[in-house]
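Peer 1: Below is the sequence, then the predicted model.
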Amino acid sequence: MSAFKEINPKEIVESPFKLIGDDWALVTAGDREKFNTMTISWGGVGIMWGKPVVFTFIRPQRYTFAFMENGDRYTMSFFDEKYRDALKFCGSKSGRDYDKVKETGLTPAFTENGSVYFEEAKLVLECKKMYAQSLNAESITDCESVDKWYNNDFHKMYISEITKVLVKE
């Protein structure tokens, strides 16, 4: 089992732009009995209501969406480049059709709250949902983005408190 230590969110040293946009992350929701994970490359971090938060976007047709909707916690796991193929798999195949843990060889682990993350990660954010809202064409002011990214299949945005940060020792 890999060793992690807990740090304060303000102690994260890597750029969130690199972590999310370049390195990607696995968003994992569910519990010990049943969970799903999917790759994301959109999102952000910041402060809201005096708390450190992440902004996570998931389309309703994704298998992970129901897990996100049914629970109040999830994780974001970030990996070294050697796990890129696992991230590609988790971003292109559905958990409805594949056992992503079996296919990728990733090792599930669990926080005290029962949130699922992966032992191979270098950084894990445990998140607790604070706010959720579906995006819609009328609210997007950059019309080019609507045309480029959407075919009437808008993401739902989750703003979630970062309740725990784990880094590989």
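Peer 2: Received it, and whenever you're ready, just let me know what you need.
Peer 1: in this structure, which helix or strand is least confident?
Peer 2: Taking mean pLDDT, DSSP states H and E as the measure, the helix or strand of the chain with the lowest value is helix 143-149, at a mean of 84.
Peer 1: Let's see that helix as CSV, backbone CA atoms only.
Peer 2: Output of helix 143-149 as CSV, limited to C-alpha atoms (Å, rounded to 0.1, in the frame of the first residue of the first chain):
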residue,chain,number,x,y,z
CYS,A,143,-21.5,31.6,-28.4
GLU,A,144,-18.5,30.1,-30.0
SER,A,145,-18.1,27.7,-27.0
VAL,A,146,-21.7,26.6,-27.4
ASP,A,147,-21.1,25.7,-31.1
LYS,A,148,-17.8,24.1,-30.4
TRP,A,149,-18.5,22.0,-27.3
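Peer 1: what's it in contact with?
Peer 2: 137, 140 (C-beta atoms under 8 Å, 6 or more residues apart in numbering). For every residue, glycine as well, the C-beta is placed using N, CA and C.
Peer 1: mind listing what's buried in that helix?
Peer 2: residue 146 (16 or more other C-beta atoms under 10 Å).
Peer 1: any idea which helix or strand comes after it?
Peer 2: Sequence-wise, the next helix or strand downstream of helix 143-149 (DSSP states H and E) is strand 156-168.
Peer 1: Alpha carbons of stretch 42-49, in CSV - could you do that?
Peer 2: This file holds the C-alpha atoms of stretch 42-49, laid out as CSV (Å, rounded to 0.1, in the frame of the first residue of the first chain):
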residue,chain,number,x,y,z
TRP,A,42,-12.1,20.6,-17.5
GLY,A,43,-12.6,22.2,-14.1
GLY,A,44,-11.0,24.6,-11.7
VAL,A,45,-10.2,25.5,-8.1
GLY,A,46,-10.8,28.5,-6.1
ILE,A,47,-12.4,29.9,-3.0
MET,A,48,-16.2,30.1,-2.4
TRP,A,49,-18.1,30.9,0.8
